[in-house]
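**Q** What follows is a predicted structure for the sequence shown.
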Amino acid sequence: MKVLITGARGYIGSFLGNYLLDKGYNVFLASRSNENVQHIPSKIFRRVSWNDQDSLNEICSDIDAIIHAAGMNRDDSANNPFDAFMFNGAATGNLIKAAVNNGVNKFIYLSSYHVYANPLNGEISESTCPCNVHPYATTHRVGEAALYSAVQQGIIDGTILRMSNGFGAPIIPEIDCWGLFVNNLCRHAIEKRHLIIRSNCFELRNFIPIREICNVINLLIEKPILKQETGYNFINVGSINSMSLLEMATLIKNRCLRTLGFAPTIINDQKKDFSRFSLNIDKLYSLGYRQKVSIEEEIDDLLDFCQKNFALS
C-alpha cells in the first residue's frame, strides 16, 4: 500500500513515517520545505506548495491512503489566526480535493481533542459539541468539516482523529516538540534537574505515547473502508485514564529516579481547584484497539533520548 504522510518535518509526521516504513508500507513524506529533512530518504520525500492545486495533485498521484499530519500548532495559530485558517483549514480542503481527484481510497486527518472546549470539563465523547473558540481549535474544525463533507458525499473514506496530548522521543533532537508538556518536563529534568509546572497542577489532561498514536493509525489503515453511516468518522484517540499535571510530573520524577538515579525537583506555584475531565475512547476500543505501550515505557524512552542528546557534559 502506498501511503502519503504530510508534515514530514513535524513531530508526528516524521515519527509516523519511520513507523510505517518499518511496517513495510510504501511511504512518501511531504512538506512545504526541504530544509532540515536529513532524516528523510530523498527518494520518499515530496515537496509541496499548499496554495498550488497542481502541486497537491502531484503528491496525491498513485497514492492509496493519506495521513494528514501537517498543521500550525497552538501558539502559532493564536499569533497568526488568518494563516492558521489558510493552513489548518483551507489547505486541508484543497488536499482533500486533490485526494478525491486522484482516487485516493482513505484519508485520515489528525485533529485535536482541544476542539471540544477550553478548559476541558466533564466526560468528552465524540458526541460532545465542539465549542472551543481558540484559533487552533476553530481552524481544525474547518479542516474536519471539509473531510466530513466529502465523506457524506461518498467520494472518499475519511476518518478524523481527535487526539489527546501525544508525547515521546522525536526522530531527531531538532524536531519542534519540546513545547509539549511531557517532552518539556523530561528535557528539563535532564538539563536543569527540575520540573516546572506553569499551569494549574491539578488540571487533568489525557496523555498518549506517540507510538500508540502510530498503532492507532496503522489499525485504521488496515481496517476495511468505514462507510459514512457507521459513525466512525470522528474518533477520540487517547489513553483510558486522564492524569493531573502534578501526577504526570511526579511520575516523571519517579521514572528519573528509577532509570537515571536522580529525582528532579518539582516546582509549582499555581495550585487551583481540581478539574473534572475524562476522555471517552469507547469508539476506538470498539475497533479492536488495545494500548500496547505504557506511559511509563514511553517516558523511560524519552528520558533516555534526552539524556543522550541534552545532558550537560
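**A** Done, it's in.
**Q** mind saving the C-alpha coords of stretch 254-262 as PDB?
**A** Provided in PDB are the C-alpha atoms of stretch 254-262 (Å, rounded to 0.1, in the frame of the first residue of the first chain):
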ATOM      1  CA  ASN A 254       9.900   8.700  39.800                       C
ATOM      2  CA  ARG A 255      11.000   7.300  36.400                       C
ATOM      3  CA  CYS A 256      14.100   9.600  36.600                       C
ATOM      4  CA  LEU A 257      15.000   8.100  39.900                       C
ATOM      5  CA  ARG A 258      14.400   4.600  38.700                       C
ATOM      6  CA  THR A 259      16.200   4.700  35.400                       C
ATOM      7  CA  LEU A 260      18.800   7.500  35.800                       C
ATOM      8  CA  GLY A 261      19.400   7.600  39.600                       C
ATOM      9  CA  PHE A 262      18.300  11.100  40.400                       C
END
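**Q** Mind listing what's buried along that stretch?
**A** Arg255, Cys256, Leu260 (16 or more other Cβ atoms under 10 Å). (Each C-beta comes from the backbone N, C-alpha and C, glycine too.)
**Q** One more: stretch 111-126?
**A** Buried residues in stretch 111-126, counting neighbours by 16+ other Cβ under 10 Å, are found at Ser111, Ser112, Tyr113, His114, Val115, Tyr116, Ala117, Leu120, Ile124, Glu126.
**Q** and the end-to-end length of that stretch?
**A** Chord length of stretch 111-126, first to last residue, is 13 Å (Cα to Cα, to the nearest Å).
**Q** Compute the mean per-residue pLDDT across that stretch, please.
**A** Taken as a whole, stretch 111-126 has an average pLDDT of 95.
**Q** Now do that stretch: everything it contacts.
**A** 74, 128-132, 134, 136-137, 140-141, 143-144, 160-164, 203-206, 234-238, 275-280, 282-283 (Cβ atoms under 8 Å, 6 or more residues apart in numbering).
**Q** Can you flag which of the buried residues of stretch 254-262 belong to strands?
**A** Assignment to strands by DSSP state E places none of the buried residues of stretch 254-262 there.
**Q** Apart from its neighbours in sequence, what residue is nearest Gly71?
**A** Spatial nearest neighbour of Gly71, excluding adjacent residues (Cβ to Cβ, 6 or more residues apart in numbering): Asn88 at 4.9 Å.
**Q** Quick check, that neighbour in contact with Ala145.
**A** No - contact criterion Cβ atoms under 8 Å: Asn88 and Ala145 do not qualify, at 11.5 Å.
**Q** Would you mind telling me which of the two has the busier surroundings?
**A** Asn88 (27 against 14; other Cβ atoms under 10 Å).
**Q** For Asp304, give its distance to Cys186.
**A** Asp304 is 10 Å from Cys186, where distance means Cβ to Cβ, to the nearest Å.
**Q** Those two: who's more crowded?
**A** Using other Cβ under 10 Å as the criterion, Asp304 and Cys186 rank with Cys186 on top: 31 against 15.
**Q** Distance check, the nearest residue to Gly288 once chain neighbours are set aside against Pro41.
**A** Residue nearest to Gly288 in three dimensions, not counting chain neighbours: Leu219, with 6.9 Å by Cβ to Cβ, 6+ apart. Distance from Leu219 to Pro41, counting by Cβ to Cβ: 25 Å.
**Q** More neighbours: which of the two?
**A** Higher neighbour count among Leu219 and Pro41: Leu219, with 14 against 11, using other Cβ under 10 Å.
**Q** For that one, pull up the helix or strand it's in.
**A** In this structure, Leu219 sits in helix 210-222 according to DSSP states H and E.
**Q** May I see the buried residues of that helix?
**A** Buried residues in helix 210-222 (16+ other Cβ under 10 Å): Ile210, Arg211, Glu212, Ile213, Cys214, Asn215, Val216, Ile217, Asn218, Leu220, Ile221.
**Q** quick one: which of those residues is nearest Ile66?
**A** Nearest to Ile66, judged by Cβ to Cβ, of those is Ile221 at 10.3 Å.
**Q** Could you report the pLDDT at the closest residue to the closest one other than its chain neighbours?
**A** Sequence neighbours aside, Ala65 is the residue nearest to Ile221 in space, at 5.6 Å (criterion: Cβ to Cβ, 6+ apart). pLDDT for Ala65: 97.
**Q** Phi, psi for Ala65 please.
**A** Ala65 adopts backbone torsions of phi -140, psi 140, taken as degrees, to the nearest 10.
**Q** Now do the SS call for the residue nearest to Gly71.
**A** helix (DSSP: H, G, I helix; E, B strand; the rest coil).
**Q** ok, it to Asn73 distance?
**A** Applying Cβ to Cβ, one obtains 10 Å for the distance of Asn88 from Asn73.
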